[in-house]
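Undergrad: Provided below are the primary sequence and the corresponding predicted coordinates.
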Amino acid sequence: MRERLTFPETRLPGALRALGGRQEFAEAAILSTCNRTEIYTVVPHPGHEKAVHHFIEDYHGISAADYVSHTYMHRDADAVRHLFQVASGLDSLVLGEGQILKQVRDAFAAAAEAGTAGKMLNGLFRTAIATGRRARTETEIGKGGFSVGHAAVDLARSIFGSLDGAAILILGAGKMSELTARHLVTNGVRFVMVANRTFERATSLAEKLGGTAIRYDDFPDAMSRADIVISSTASPHPIVTRKLLQPVMRKRRGRSLLLIDIAVPRDIEPQVDMLDNVFLKNVDDLEEVVSDMARERAGEVARVEVVVAEETEKFMTWFRALSVAPVVTQMREKHEEIRQAELARLRNQLPDMPDRAWQNIEAAMKSLMNRMQRDPIERLKEAAARDSSGGGGPDIFDAARELFALDGTRCPARPESLNGKGAEAPIDSESEELSREPAFQASAAEEGR
């Protein structure tokens, strides 16, 4: 099911355009890795998130009834917290692994490139990246021998005992394959062969590992000489089948072969595991090994959860404040119109008033209006600071619009901009402070990447 719902990198731009083109979504992003497919959306109205299932059904040609039991849906603060946990490595196949942070950054970049990330997702993903970096800086969650590579070493040792002098074949010159291979080389593997559809990339990786690059079409022959095969290509279909492997195993004359498939969709046909002396391990098998390792990191998980909780609260404060800015803006604009109208009326009635006196009158009227607005604005800020699920937030905004006879259009708790292109009402310095995107020191550097 995970394979059927994945979004390959080559198809991601088109998928984002299709997702962002639906009227139910104001903004959208897709995070698709070997272990997850997640869709993040900003919806104008409650209930529109159900349209995600309609998009998946249309795009993948699979009924929601077939996959919905394997999914989860988070809203509001829960959705924010989940992404921050993902970026921090708490929800990864390998607890604390660093690759997911790059994948989150890439998902954000893809959405920005496709024009489906507006103000809300810009703020969300930027803060998620900052949270992931903070988690790795302030805790030990990403340090030590705890990775897919270590899990692969444990699996290999359980089959071969010692890895001294073993040979490894890498199919696909991706980053995860490289990281896994490095751990195996460090633990005794001496012969490395790399096959990739692009021979130059195979050569580059082989040089890094002190191995040999081979032509992609020659990998079946190389399998007869390898002890371990790591496969992580972008092929939409299995490249290692039982039919292909049967003659390979005859050449091996009873020597065991470990196949590690970390590709999604899978590279290796499950039926090969039925052949004698063939051991097939996939993402789920690695997860079992990793789960045992995870128990040793319980203390670090608790520390990262504190970071996630803090960053979630900061983001939600910003998020809820977005609903204050339009009300404050409308209130100030209306009161300023009243002030200017009254000043104009007085000028007509008192044409001989000295300029100095007019300056004092204008200052007094402005001070009076500011003092009258101060308490309502403070109450609106306090309402925004409270979790909307705690009650009262949106109601007090509606009450303010009614009491002050503001624009009857309800102001949503997010910009009404599709792809960040919609017009937003001008706001003064105070309401601008309320609506400013959450910032972090590395934002400029991250955008540069």
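TA: Right, received. Where do you want to start?
Undergrad: how about the helices in the stretch 151-300 of the chain?
TA: With DSSP state H, counting those that start in this stretch applied, the stretch 151-300 of the chain shows helices at 175-186, 199-209, 219-223, 242-252, 283-294, 298-321, listed in chain order.
Undergrad: Spatially nearest residue to L12, not counting backbone neighbours?
TA: Excluding the flanking residues, the one nearest L12 by C-beta to C-beta, 6 or more residues apart in numbering is A110, at 5.4 Å. Every C-beta, even on glycine, is put in place using the N, C-alpha and C of the backbone.
Undergrad: Now do the strand or helix carrying that neighbour: everything it contacts.
TA: Using DSSP states H and E, A110 falls within helix 99-114. The contact list for helix 99-114, computed with C-beta atoms under 8 Å, 6 or more residues apart in numbering, reads 12-13, 16-17, 20, 27-33, 83, 86-87, 89, 92, 117, 121-122, 125-126, 128-129, 132-133, 136, 175-176, 179, 446, 449.
Undergrad: ok, back up a step: would you turn the helices of the stretch 151-300 of the chain into a markdown table with mean neighbour count, distance to R266 and mean pLDDT?
TA: Compiled in a markdown table, those are given as follows (neighbours: other C-beta atoms under 10 Å; distance: least, C-beta to C-beta, whole Å; pLDDT from 0 to 100):
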| stretch | mean neighbour count | distance to R266 | mean pLDDT |
| --- | --- | --- | --- |
| helix 175-186 | 19 | 14 | 82 |
| helix 199-209 | 17 | 21 | 91 |
| helix 219-223 | 18 | 16 | 93 |
| helix 242-252 | 15 | 13 | 93 |
| helix 283-294 | 16 | 9 | 70 |
| helix 298-321 | 18 | 29 | 89 |
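Undergrad: Include distance to R157 when you put those helices into JSON lines, please.
TA: JSON lines is the format used below for the helices of the stretch 151-300 of the chain (distance: least, C-beta to C-beta, whole Å):
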{"stretch": "helix 175-186", "distance to R157": "10"}
{"stretch": "helix 199-209", "distance to R157": "19"}
{"stretch": "helix 219-223", "distance to R157": "21"}
{"stretch": "helix 242-252", "distance to R157": "20"}
{"stretch": "helix 283-294", "distance to R157": "11"}
{"stretch": "helix 298-321", "distance to R157": "25"}
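Undergrad: of all those helices, which lies closest to D66?
TA: Among the helices of the stretch 151-300 of the chain, helix 283-294 comes nearest to D66, with 19.3 Å by C-beta to C-beta.
Undergrad: Give the buried residues for the helix or strand hosting G123.
TA: According to DSSP H and E, G123 maps onto helix 119-138. By neighbour count on 16 or more other C-beta atoms under 10 Å, the buried set for helix 119-138 is 119-136.
Undergrad: pLDDT on that helix, on average?
TA: For helix 119-138, mean pLDDT is 95.
Undergrad: do stretch 333-347 as well
TA: Across stretch 333-347, pLDDT averages out at 88.
Undergrad: buried stuff in stretch 140-155?
TA: I141, G142, F146, S147, V148, G149, H150, A151, A152, V153, D154, L155.
Undergrad: now, among those residues, which is nearest to E97?
TA: Using C-beta to C-beta, these come closest to E97 at S147, 5.8 Å.
Undergrad: Does anything pack onto the helix ranked longest in the chain? Which helices or strands?
TA: Identified as the longest helix of the chain according to DSSP state H is helix 355-385. Where contact means 3 or more C-beta pairs under 8 Å, 6 or more residues apart in numbering; DSSP states H and E, helix 355-385 is packed against helix 298-321, helix 324-349, helix 393-403, helix 429-435.
Undergrad: So which of those is nearest A383?
TA: Evaluated over the helices and strands packed on helix 355-385, closeness to A383 peaks at helix 393-403, with 4.5 Å, by C-beta to C-beta.
Undergrad: For V42, which non-adjacent residue is closest in space?
TA: Per C-beta to C-beta, 6+ apart, closest to V42 is E27, 3.9 Å.
Undergrad: Quick check on the one you found: phi, psi?
TA: With angles defined as degrees, to the nearest 10, E27 sits at phi -150, psi 160.
Undergrad: what's the burial count for it?
TA: Per other C-beta atoms under 10 Å, the neighbour tally for E27 reads 26.
Undergrad: Against E3, how distant is it?
TA: Using C-beta to C-beta, to the nearest Å, one obtains 27 Å as the distance from E27 to E3.
Undergrad: what does R75 give?
TA: Taken as C-beta to C-beta, the span from R75 to E3 is 27 Å.
Undergrad: What's the local residue count around the residue nearest to A15 when sequence neighbours are not counted?
TA: Excluding its sequence neighbours, the residue lying closest to A15 (C-beta to C-beta, 6+ apart) is F7, at 5.1 Å. A count of nearby residues for F7, using other C-beta under 10 Å, gives 23.
Undergrad: Wait, F7 touches T37, no?
TA: Yes - using C-beta atoms under 8 Å, F7 is in contact with T37, at 6.5 Å.
Undergrad: Kindly point out which residues are neighbours of both of those two.
TA: Shared contacts of F7 and T37, counting by C-beta under 8 Å, 6+ apart, come down to I30.
Undergrad: picking up where we left off before, so the residue nearest to V42 makes contact with L124?
TA: No - here E27 does not reach L124: they are 9.1 Å apart, not a contact under C-beta under 8 Å.
Undergrad: now the angle from the helix holding A110 to helix 119-138?
TA: Helix 99-114 and helix 119-138 are oriented at 160 degrees to each other (axes from the mean of the first three to the mean of the last three C-alpha atoms, to 10 degrees).
Undergrad: how big is the angle separating helix 99-114 from helix 175-186?
TA: Computed by the same axes, to 10 degrees, the angle separating helix 99-114 from helix 175-186 equals 160 degrees.
Undergrad: Now distance to P270 too, for the helices and strands packed on helix 355-385, in JSON lines please.
TA: Formatted as JSON lines, those follow (distance: least, C-beta to C-beta, whole Å):
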{"stretch": "helix 298-321", "distance to P270": "32"}
{"stretch": "helix 324-349", "distance to P270": "54"}
{"stretch": "helix 393-403", "distance to P270": "51"}
{"stretch": "helix 429-435", "distance to P270": "52"}
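Undergrad: of the ones you listed, which approaches L184 most closely?
TA: Across these, L184 has its closest neighbour in helix 298-321 (25.5 Å, C-beta to C-beta).
Undergrad: For the closest one, name the packing helices and strands.
TA: Secondary-structure packing of helix 298-321 (3+ C-beta pairs under 8 Å, 6+ apart): helix 76-87, helix 119-138, helix 355-385.
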